[in-house]
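1. when you get a sec, could you give me coordinates for this:
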Amino acid sequence: MAIEVLSSDVVDQISAGEVVERPAHLVKELVENSLDAGATELEVEIDQGGKQVLVRDNGNGMDPEDLVLSVSRHATSKIQSANDIWSLSTFGFRGEALASIAAVSELSLVSRRKKAQLAHELKSRFGKLDPLVSVGGAVGTTVVVRNLFANTPVRLKFLKSDVAETTQIKQVLKAMALSSPQVDFRLRVGGKLIHFWPATESLKSRAEQVLDRQPLYFAEGIEKAVEVKVAFCAPHQVANSSRQIWMFVRGRWVVDRGLMAAVMESYRNLLMQGEYPVVVLWVDLHPDWVDVNIHPTKSQVKFRDSSLVFRAIRQVLRANLEKAPWLSQILKDKEVSQSYSEFDKRDKQDKMNKLNTSDQDENKAIASALSQNFDSSPKTEVFTSNFASEEFQRTQYPVKPNWEIPSSSSASVTQVKNPQSSHVADWSLPSLGYSSNEAEQNRALDHSRWNELQIIGQAHLTYILAQSQKSLILIDQHAAHERVAFETLIQAWKGGNIEAQRFLLPLTINLDSDFLEAIVGRKSDLEELGVTIEPSGSECLLVHACPSLLKESGVEKAIRKLGQDIVEKGESFAFEEVVGEI
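-> Predicted coordinates:
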């Protein structure tokens, strides 16, 4: 095949694919342009998951001739020579953003300088420019993008759902707000104001605004010209993913493994596996020490001395974590609790005793249900453990092959069919995997191995002790209860007969707006599982009913985890995972 020079239209669309991969990238580029123009007020409005976008600012604006040049490729006011890249004080520098956006959308630019009498408007339809016209308008620039990717259906097909794309745009706006506390930010979705973050005087205040977490603790320090500032939560206020670790280098939001490793190293031995800290990290250093021109979206950087940056972050963050500033608040809360009257203490203790009794009854119900799967004529004796001086109830049963499952609300038992199985190499209970293939594999148990088991006792009303010819097996009753509850819900869902209980008063759960939208998007799926929900405002969810086998105390935890997983996994989140979370 002969080599041919590509047309300008094809080149523009290819370049646009690198710079504007999804609506969130488009919003990021436009917001960065506004910040570079000195804006102190910035409004973003999106619709249809970002296929329609408006960005309005009160920045310096553009002259008519600059307005025309702005949609030309590699036209920029931010650098004059290659050497300027090493002393950047702006977010953008390549001059590709507006040209790339114009190539894949219907674009409108309205801009006015402070001293100008009128604004000027430039329209572009998928790269084809209309004549420049004079219009009325405020000082600053307004960019309107419509029908994004309409001329590139393949790119349009690869976009995620409107909810997922909107969530990503919100993430971008949060990052931009964290990097520029001196600017007012507004975000509207479908004409409705979702976020408003007024300008603040400190990074800590802006972090508390955007993350909606208080208190946040702030620390700063300098290590050999590397300045580190960090806002962080106490280690017990954790997230389930790294989405709450925000990293900025010279004000630029970046994703960097080295910076992430430094943060996680600082929290070493303070977090459980699968937990992540809530941290906002700002790193500032001389422009010569960092290269920002290594990625089309400028989301990655390269340090001249990455080990120095690593040490600086670890030193500042770890030193302040070791001071444990959150302990003063915990001790204060403890002092308040100790000031209760004796009557209040007794009343509180009575309530706790009732809760403990309820938990013990449930644990006994689980153990009883498991026991009913074994021989019905047991021999029982009580013995005292030499190694712990704890009493255990020792009961010997030959195992039956069918398992019965206790209800969480009573000691009644519902039988679930155990399918024929293949060999499993260890004694571990099947994990709570929720994809259909994993669920089938996890049900596969070797009956011959289980038939060898003898129940010999129970420890702390938490573990069931069983023995085989060569092994002592400890079964976690709580994990077993989760598993059998999952199986019960699956069987009821497949049979279309899930029992739901309605609350006298709806359960109120305050959620991040991203999570709320994600959960409401799965409303029909949740209703099939007996969970009835209703949004109340932009960050509040009302739960009217839930499956009878689920405790009310577990509803909020399940709903929060569900929202987070849907947001993080997007379209890959399977319905079976909804069952698993509930």
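2. what about the helices in the stretch 251-400 of the chain?
-> Ranges of helices within the stretch 251-400 of the chain are 257-266, 306-323, 327-338, 342-371, based on DSSP state H, counting those that start in this stretch.
3. pLDDT of the second one, averaged?
-> Confidence over helix 306-323, taken as the mean pLDDT, stands at 92.
4. next, the buried residues of that helix.
-> 306, 308-310, 312-318, 320-321 (16 or more other C-beta atoms under 10 Å). Heads up, the C-betas are built off the backbone N, CA and C, glycines and all.
5. other SSEs contacting it?
-> Using 3 or more C-beta pairs under 8 Å, 6 or more residues apart in numbering; DSSP states H and E, the elements in contact with helix 306-323 are strand 217-223, strand 226-232, helix 257-266, strand 279-284.
6. I475: which of those is closest?
-> Closest to I475 of the helices and strands packed on helix 306-323, according to C-beta to C-beta: helix 257-266, at 33.4 Å.
7. packing partners of that closest one?
-> For helix 257-266, the helices and strands in contact under the criterion 3+ C-beta pairs under 8 Å, 6+ apart are strand 245-249, strand 279-284, helix 306-323.
8. could I get the buried residue list for it?
-> Counting neighbours by 16+ other C-beta under 10 Å, one finds that the buried residues in helix 257-266 are L259, M260, A262, V263, M264, S266.
9. contacts made by that helix with the rest, please.
-> Helix 257-266 is contacted by residues 242, 245, 247, 249, 276-277, 279, 281, 283, 303, 306, 309-310, 313-314, 317-318, 321 when judged by C-beta atoms under 8 Å, 6 or more residues apart in numbering.
10. report the inter-axis angle for it versus helix 306-323.
-> 30 degrees (axes from the mean of the first three to the mean of the last three C-alpha atoms, to 10 degrees).
11. now helix 257-266 against strand 245-249, angle please.
-> Compare the direction of helix 257-266 with that of strand 245-249 by the same axes, to 10 degrees and you get 130 degrees.
12. dump helix 257-266 to CSV, restricted to CA.
-> As requested, the backbone C-alpha atoms of helix 257-266 are provided in CSV (Å, rounded to 0.1, in the frame of the first residue of the first chain):
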residue,chain,number,x,y,z
ARG,A,257,2.8,5.8,41.2
GLY,A,258,5.8,7.2,43.1
LEU,A,259,3.7,9.8,44.9
MET,A,260,1.0,7.2,45.7
ALA,A,261,3.7,4.9,47.1
ALA,A,262,5.0,7.6,49.3
VAL,A,263,1.6,8.3,50.8
MET,A,264,0.9,4.6,51.3
GLU,A,265,4.3,4.1,52.9
SER,A,266,3.6,6.9,55.3
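13. and that helix, average pLDDT?
-> Along helix 257-266, the predicted confidence averages to a pLDDT of 93.
14. now the angle from that helix to strand 226-232?
-> Taking the same axes, to 10 degrees, helix 257-266 and strand 226-232 form an angle of 60 degrees between their directions.
15. dump the helices and strands packed on helix 306-323 into CSV; add distance to Q501 as well.
-> Formatted as CSV, the entries for those read as follows, by distance: least, C-beta to C-beta, whole Å:
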stretch, distance to Q501
strand 217-223, 41
strand 226-232, 40
helix 257-266, 41
strand 279-284, 40
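16. now for these, which one comes closest to Q469?
-> Nearest to Q469, of all the helices and strands packed on helix 306-323, is helix 257-266, at 44.1 Å by C-beta to C-beta.
17. what's the pLDDT at L118?
-> For L118, the predicted pLDDT is 94.
18. how about the contacts made by it?
-> L118 makes contacts with R112, S134, V135, G136, G137, as judged by C-beta under 8 Å, 6+ apart.
19. go with 6 Å
-> When the contact criterion is C-beta atoms under 6 Å, 6 or more residues apart in numbering, the partners of L118 are S134.
20. so how far is S134 from it?
-> Taking C-beta to C-beta, to the nearest Å as the measure, L118 and S134 are separated by 5 Å.
21. ditto for W289
-> Counting by C-beta to C-beta, the separation of W289 from S134 is 46 Å.
22. which of these two has more residues huddled nearby?
-> W289 (17 against 13; other C-beta atoms under 10 Å).
23. quick check: the more buried one vs R206, distance?
-> 25 Å.
24. now do D512
-> Spatial separation of D512 from R206 under the definition C-beta to C-beta is 17 Å.
25. show me what counts as buried in stretch 221-230.
-> Residues of stretch 221-230 classed as buried under the neighbour-count rule (16+ other C-beta under 10 Å) are G221, E223, V226, V228, K229, V230.
26. helices and strands around the lengthiest strand in the chain, which ones?
-> Across the chain, the strand with the greatest residue count (assigned by DSSP state E) is strand 500-510. In this structure, strand 500-510 packs against strand 540-547, helix 552-569, with contacts taken as 3 or more C-beta pairs under 6 Å, 6 or more residues apart in numbering; DSSP states H and E.
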